[in-house]
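Engineer: Pasted the sequence and its predicted model underneath.
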Amino acid sequence: MIEKQQALDFSTVIASTVHDMKNSLAMLMQAHAQWSARLPQGQLPAEQGVIDYEFAHLNGMLVQLLGLYKLGVNQLPLQPAYHELDDFIEAQLVSHQEVFKSRGISATYEVDPLSPLGFFDRELIASVLANCINNAIRHARHALLISVSDEEGQVVLSINDDGDGYPQAMIERQAEYMQGINQSSGSTGLGLYFAGRIAELHQRNGVCGRTRIGNGGPLGGGLFKIYLP
């Protein structure tokens, strides 16, 4: 009992520390953005793209860690509502605009006119989408596409890039990644695990949300899908 309580206390300390780190990172990002805005146009350093990307990557990891902690202690409330998918996806792309520009990536989106609305927790799905966009940015050559479709009554958000795609071994063993198992590649699978858990929280009429990775799509590279009933 004492060991269990100590473990709980330690996880709480870690979660509190991660929260403080996230706040500090937010202040750093804000200060850097203000500093960048004061520079004469055209004089941003060549490393700006790297800085912007790593800021977003670090923030995404901290959000995931906090989310997984809250899931573990049943303190992650689900607040689903209807959202216009055009506005939702555009907002996610706008938040990454500077990184797209610095890396020469053309980011577009397509929404099936028959599926203009989605019923989901905006904040949670936004955190999943942000992580997927960051991952796609890392591997994309020149293009990224987010599309929305309807499959058997479920809204499907797809993130596709024109990179080399997911390793075949990762696709074949994706169920293990969804369980958070460390692979020989060195990847913890944290992003996929987090996305899978968030998808599962979304349920309707006995159907749970899920995620799927593969290769192909319109751009031919990595293809991530999240299904929301």
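Structural biologist: Cool, got the structure.

Engineer: what does the average pLDDT come to for the helix ranked longest in the chain?
Structural biologist: The longest helix of the chain (DSSP state H) is helix 2-38. Here helix 2-38 scores 69 as its mean pLDDT.

Engineer: what packs against it?
Structural biologist: Judged by 3 or more C-beta pairs under 8 Å, 6 or more residues apart in numbering; DSSP states H and E, the packing partners of helix 2-38 are helix 48-72. Where C-beta positions appear, they are placed from N, C-alpha and C, glycine not excepted.

Engineer: how far is the helix it packs on from where the chain is centred?
Structural biologist: Once both centres are worked out by C-alpha atoms, centre = their mean, to the nearest Å, helix 48-72 turns out to sit 9 Å from its chain's centre.

Engineer: what is the orientation angle of it with helix 2-38?
Structural biologist: Between helix 48-72 and helix 2-38, the angle comes out at 150 degrees (axes from the mean of the first three to the mean of the last three C-alpha atoms, to 10 degrees).

Engineer: Just list the residues touching the residue nearest to Gly217 when sequence neighbours are not counted, thanks.
Structural biologist: Once flanking residues are discounted, Gly217 sits nearest to Asn160: 3.8 Å by C-beta to C-beta, 6 or more residues apart in numbering. Each residue near Asn160 by C-beta atoms under 8 Å, 6 or more residues apart in numbering is listed here: 136, 144-147, 217-219, 221-224.

Engineer: now Val111
Structural biologist: Contacts of Val111 by C-beta under 8 Å, 6+ apart are 85-86, 89, 147-148.
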